[in-house]
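1. Build me a structure from this.
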Amino acid sequence: MELLATLGRTLGFSLAAGVNLYATVAILGLASHYHWADLPAQFQVFDNPYIIAAALVMYAIEFVADKIPWFDSVWDAVHTFIRPLGGALIAVAAVGDASPAIRTLAALLGGTVAASSHLTKAGTRAVANTSPEPFSNWVLSLGEDGLVVGLGLLTLGHPLIALVVALVLLVLIVLFARLLLRGARRLFGRRAADAQPTG
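-> Have a look, this model is predicted:
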């Protein structure tokens, strides 16, 4: 059962980190500092005032940056390596004092899961930015914030439920990625056709 709980924490926090790394680290730091949940001892690495403060400041910056059309895509591009790396580090922390092989597998799993949620977020934002109005960006950003906080808190208190939720979300990400690819092909195919000289 503890193995499943560890897997739930690994997937839950890594998935959240791929959408918003700073909010996830802030949740882990605050939860460890204020004992919001009975976390394994290895999560105390996040209980550092400098880490918590830096995560909160960066989350505040990202909260604003995420609401600005096109700038949000630039922000996502900058974080293409940061979020998966953060997800990998969180996954390594989740397994605690394990063998090097287990830590390596955890890092690969956490990094891959974080990369999948990051790419889904970035792709969705790129499509939303083709719309002239900014409201879709605001709605998506607030929804992502809610998802990260909700998944983070769920993973803190109920890692087994978080495991199920994370697996369902990963399946949805795979299905959604196919729709995004089709939409992008249609969009860029139409633009290429429009750019062709007539006559």
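2. lowest average confidence, helix or strand, in this protein?
-> helix 159-195 (a mean of 80; mean pLDDT, DSSP states H and E).
3. how far does stretch 167-178 sit from the chain's center?
-> 13 Å (Cα atoms, centre = their mean, to the nearest Å).
4. My error: substitute stretch 49-65 in the last question.
-> On Cα atoms, centre = their mean, the centre of stretch 49-65 falls 15 Å from that of its chain.
5. Can you list the buried residues in it?
-> I51, I52, A55, L56, M58, Y59, E62, A65 (16 or more other Cβ atoms under 10 Å). Just so you know, the C-beta spots here come from the backbone N, C-alpha and C atoms, and that holds for glycine as well.
6. how about JSON lines for these, with secondary structure and pLDDT added?
-> JSON lines is the format used below for the buried residues of stretch 49-65 (DSSP: H, G, I helix; E, B strand; the rest coil; pLDDT from 0 to 100):
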{"residue": "I51", "secondary structure": "helix", "pLDDT": "96"}
{"residue": "I52", "secondary structure": "helix", "pLDDT": "97"}
{"residue": "A55", "secondary structure": "helix", "pLDDT": "97"}
{"residue": "L56", "secondary structure": "helix", "pLDDT": "97"}
{"residue": "M58", "secondary structure": "helix", "pLDDT": "97"}
{"residue": "Y59", "secondary structure": "helix", "pLDDT": "97"}
{"residue": "E62", "secondary structure": "helix", "pLDDT": "95"}
{"residue": "A65", "secondary structure": "helix", "pLDDT": "91"}
